[in-house]
Structure formats: structure tokens, C-alpha cells
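Asks: Make a model of this:
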Amino acid sequence: MVRNFRERLHDIRAFAFDVDGVCTNNTVLISETGLLLRNSNTRDGYAIHAAVRNQFPVAIITGGRTESVALRFKALGVQDVFLAVADKTVAFEEFLLIHDLKAEQVLYMGDDWPDYDVLKLCGLPTCPADAAPEIQAICDYVSPYRGGEGCVRDVIEQVLKVHGCWGKLESAGQ
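Replies: Numbering: from 1, shown residues only. Predicted coordinates:
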């Protein structure tokens with residue numbers, strides 16, 4: 001029996017995300033000192049924090065090297081931030097080992113060729129609305145939101161809702 005996207009959300013126990021083009025839009029500003037500045041969506045950040053607080057492991061897997069990216073996600077409670085990754089499957093497999101997960105329990109969101117192999121490995125491959133056409137073609141879900149504009153919140157909120165924990169912490173006063 002083939003299960004649809006919504007049914008498969010029940011199997012998800014963890015999330016992994018690319019950064020540029022997923023957690024941020026594809027615009028990178030370069031300061032006079034050479035610092036790379038990215039634009040991120042606070043609602044995506046809220047959702048990541050909610051996932052962590054609800055005991056869902058979250059990984060950030062990026063080829064980027066900017067330490068400010070690590071600081072941003074660590075502030076949201078993300079423990080597994082992989083920077084300067086040449087082969088994202090290696091980082092993904094390490095994430096699985098750290099949390100004793102199976103690949104089919106992880107929703108991954110990526111937007112371009114460096115994400116291709118992880119998208120083929122994970123349990124639920126997803127991408128933002130503005131992902132490369134080749135990436136959209138292999139994803140089981142294409143968010144209606146663009147990278148850096150709510151696509152991360154979209155998938156996290158859907159998973160937390162089917163698990164009955166979206167909004168639970170806030171209503172409990174935590």
C-alpha cells in the first residue's frame with residue numbers, strides 16, 4: 001500500500017535542513033569586512049525551537065562555513081550543526097548514529113544539487129517552492145513557501161500537528 005505524504009508524517013522523529021535557500025533566502029550580503037550576512041525567517045526559527053522543545057532532534061547540514069550560522073541555530077536549541085560539509089550524506093549518517101535514528105524517520109529539506117543524495121536517503125524528502133527543478137522532481141513534498149520565507153515552519157508545523165504537540169508547550173506555560 002502506498003502511503004500519502006500526510007500519513008508518512010506520523011513516521012517522522014527528526015528533521016534535517018540545509019541553510020542557504022532553505023532556512024534563508026538565496027541572498028547573501030557581504031559586509032566591508034567580508035562577513036557573510038543571511039536573512040532568516042523568525043517563524044522558521046520559532047518552529048525549529050518548537051521541534052527541539054518537543055524532543056525532535058534537528059540537524060543543520062550546510063556547506064557554508066560562517067560561524068554566525070552555528071550561533072543562530074544553537075541559540076534555537078539545535079545540537080547538531082554541521083558546517084563546511086563537502087558530502088552531506090556523511091553528516092546525515094552521523095546525525096542518524098548520534099540519535100539512534102533510521103533514515104526513514106527523518107524529514108530532510110534541501111533546495112539544490114548538494115542536497116540531492118541526502119534527499120534520496122531520508123524518509124521524507126522535501127524542498128521549498130523555489131528549489132531547483134531537479135530537486136523538486138525527487139521530493140515527496142514541495143512547500144508552497146520559498147526558502148527563508150516559511151518553508152521550514154510549514155513542514156515542522158505539519159509534523160508536530162500530527163504528533164499532537166504543535167502549540168502544547170506554549171499552552172502549558174513553558
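Asks: And the pLDDT at the residue in the chain sticking out farthest from the centre?
Replies: The C-alpha centroid of the chain is most remote from residue 32, which lies 30.0 Å away (CA atoms, centre = their mean). Here the pLDDT value assigned to residue 32 is 76.
Asks: Then residue 2?
Replies: pLDDT, residue 2: 59.
Asks: same check, this time on the one 4 residues further on
Replies: According to the model's per-residue confidence, residue 6 sits at a pLDDT of 88.
Asks: how far away is it from residue 78?
Replies: Distance, residue 6 to residue 78, by CB to CB, to the nearest Å: 26 Å. Every residue, glycine included, has its C-beta placed from N, CA and C.
Asks: quick one, which of the two is more surrounded?
Replies: Higher neighbour count among residue 6 and residue 78: residue 78, with 20 against 11, using other CB atoms under 10 Å.
Asks: tell me the contacts of the residue lying closest to that one once chain neighbours are set aside?
Replies: Spatial nearest neighbour of residue 78, chain neighbours left out: residue 58 (4.9 Å); criterion: CB to CB, 6 or more residues apart in numbering. Residues in contact with residue 58 (CB atoms under 8 Å, 6 or more residues apart in numbering) are 14-17, 48, 51-52, 73, 77-80.
Asks: make it 6 Å
Replies: Counting by CB atoms under 6 Å, 6 or more residues apart in numbering, residue 58 makes contact with 15, 48, 51-52, 78.
Asks: I'd like the residues you listed as a markdown table, with distance to residue 90 and secondary structure appended.
Replies: Formatted as a markdown table, those follow (distance: CB to CB, whole Å; DSSP: H, G, I helix; E, B strand; the rest coil):
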| residue | distance to residue 90 | secondary structure |
| --- | --- | --- |
| 15 | 18 | strand |
| 48 | 22 | helix |
| 51 | 23 | helix |
| 52 | 23 | helix |
| 78 | 18 | coil |
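Asks: Just the buried residues of those.
Replies: Neighbour counting by 16 or more other CB atoms under 10 Å classes 15, 48, 51-52, 78 among these as buried.
Asks: Looking at the residues you listed, which one is closest to residue 164?
Replies: Residue 164 has its nearest neighbour among the buried ones among the contacts of residue 58 in residue 51, at 13.8 Å by CB to CB.
Asks: Distance from the chain centre to stretch 6-26, please.
Replies: Distance, stretch centre to chain centre, for stretch 6-26: 3 Å (CA atoms, centre = their mean, to the nearest Å).
Asks: buried stuff in that stretch?
Replies: Those would be 8-9, 11-26, for stretch 6-26 by 16+ other CB under 10 Å.
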